[in-house]
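Engineer: please work out how this folds:
(one chain, ligands or ions: 1)
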Amino acid sequence: MLEDLHNPFLPLDERTPATPLWEAKRELAQAVRDYTEALMTSAATPKQMADMSQWLREATAQLEQSPRIYGRNGYTEAGEGTFGEVFQEVGPLCGHSNPIAPPLEMWAEGDTAYARVNMGWRYEGPPGCVHGGFVAALFDEFLGMAQFMGGHPGMTGTLSIKYRRPTPLNVPLELSAWIERSEGRKTFVKGKLEANGVVTAECEGIFIRPTQPVTELRDAVMKEQPEG
Ligand SMILES: CCCCCCCCCCCCCCCC(=O)SCCNC(=O)CCNC(=O)[C@H](O)C(C)(C)COP(=O)(O)OP(=O)(O)OC[C@H]1O[C@@H](n2cnc3c(N)ncnc32)[C@H](O)[C@@H]1OP(=O)(O)O
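Structural biologist: Below is the predicted model:
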């Protein structure tokens, strides 16, 4: 189960794009990331900014006129990869093809999940530090994947975060998470976030396997489980 569901946990060099569409999207998404990061720190002239806005609107119009595919299910139905493959592209925190994703890189060793990420100026909350909402989002995505190691994935029910220290921008951040226990439909997961070897935040998550739909999510997940 882990291997199929956990594409985001495979070593990075094994996570090749499933189709040429994703290969191209990854490149474009990285260009957009670089662009927005440069925008955050740019003091170009108003005229330069206005010119770039115009140029960007024209580029957007080209994309808008292209054939469109909407959502995770849309991509799988269009043959652009399995649920896991699409997940690693579009996830809002880990998706390589999603320009709003930092992106978060995840892997698993034994019973522990790990992730690393570098949050740039786009994510600034307190001066020089990561906005707390984005810290929470990192945990939601990461613990949400770590719970898969328990074999009964569910939706986030509760996330409790202790913000112990400000989390700095522009440095490698390291996350780890593990399953504490499972009770019925609930999986209890714990995790921590470290910068320069200092724990800046800790999180406890309770994930609850629904009894009924999210059907389309569940069906897609279950289809990818290997026999036995
Ligand atoms: C199978 C397919 C899924 C696959 C999914 C994978 C997707 C692949 C992406 C993964 C990675 C994404 C990572 C991001 C993950 C999100 O962001 S998920 C989005 C945010 N979360 C949501 O939208 C959840 C919204 N809430 C709900 O849908 C429902 O409230 C829930 C969570 C499914 C629970 O509803 P329910 O099944 O009716 O729960 P209920 O029967 O009342 O209670 C069951 C048990 O859970 C407890 N409980 C209920 N609610 C809560 C709560 N909020 N907190 C703590 N405990 C609670 C109850 O006390 C009860 O405990 P016991 O009495 O059994 O001891």
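
Engineer: can you get me the start-to-end distance on stretch 144-164?
Structural biologist: Using C-alpha to C-alpha, to the nearest Å, the end-to-end distance of stretch 144-164 comes to 21 Å.

Engineer: pull out the buried positions in it.
Structural biologist: G144, M145, A146, Q147, F148, M149, G150, P153, G154, T156, L159, I161 (16 or more other C-beta atoms under 10 Å). From N, CA and C alone the C-beta is placed, and that goes for glycine too.

Engineer: and for stretch 102-116?
Structural biologist: P102, P103, L104, E105, M106, W107, A108, A113, Y114, A115.

Engineer: of these, which belong to strands?
Structural biologist: E105, M106, W107, A108, A113, Y114, A115 (DSSP state E).

Engineer: let's have those in JSON lines, adding pLDDT and distance to the ligand.
Structural biologist: Output for these, formatted as JSON lines (pLDDT from 0 to 100; distance: C-beta to the nearest ligand atom, whole Å):
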{"residue": "E105", "pLDDT": "91", "distance to the ligand": "15"}
{"residue": "M106", "pLDDT": "90", "distance to the ligand": "10"}
{"residue": "W107", "pLDDT": "87", "distance to the ligand": "15"}
{"residue": "A108", "pLDDT": "86", "distance to the ligand": "14"}
{"residue": "A113", "pLDDT": "94", "distance to the ligand": "12"}
{"residue": "Y114", "pLDDT": "95", "distance to the ligand": "16"}
{"residue": "A115", "pLDDT": "95", "distance to the ligand": "12"}
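
Engineer: can you list the low-confidence ranges for this structure?
Structural biologist: Applying pLDDT under 70 to the chain flags residues 1-14, 212-228.

Engineer: those helices in the chain, which residues are they?
Structural biologist: 2-5, 20-41, 46-64, 71-77, 83-90, 132-146, 215-223 (DSSP state H).

Engineer: re earlier: show me which pair in the buried residues of stretch 102-116 is furthest apart.
Structural biologist: Spanning the widest gap among the buried residues of stretch 102-116 are P102 and A108, at 19.2 Å by C-beta to C-beta.

Engineer: so which of the helices of the chain is nearest I208?
Structural biologist: Nearest to I208, of the helices of the chain and by C-beta to C-beta, is helix 132-146 at 11.7 Å.

Engineer: identify all contacting residues around the closest one.
Structural biologist: Helix 132-146 is contacted from outside by 6, 8-9, 91-94, 104, 106, 108, 113, 115, 117, 119, 123, 125, 153, 156, 159, 161, 163, 167, 173, 175, 177-179, 189, 191, 193, 200-201, 203, 205, 207, using C-beta atoms under 8 Å, 6 or more residues apart in numbering.

Engineer: if anything else comes up later, I'll come back, but that's it for now.
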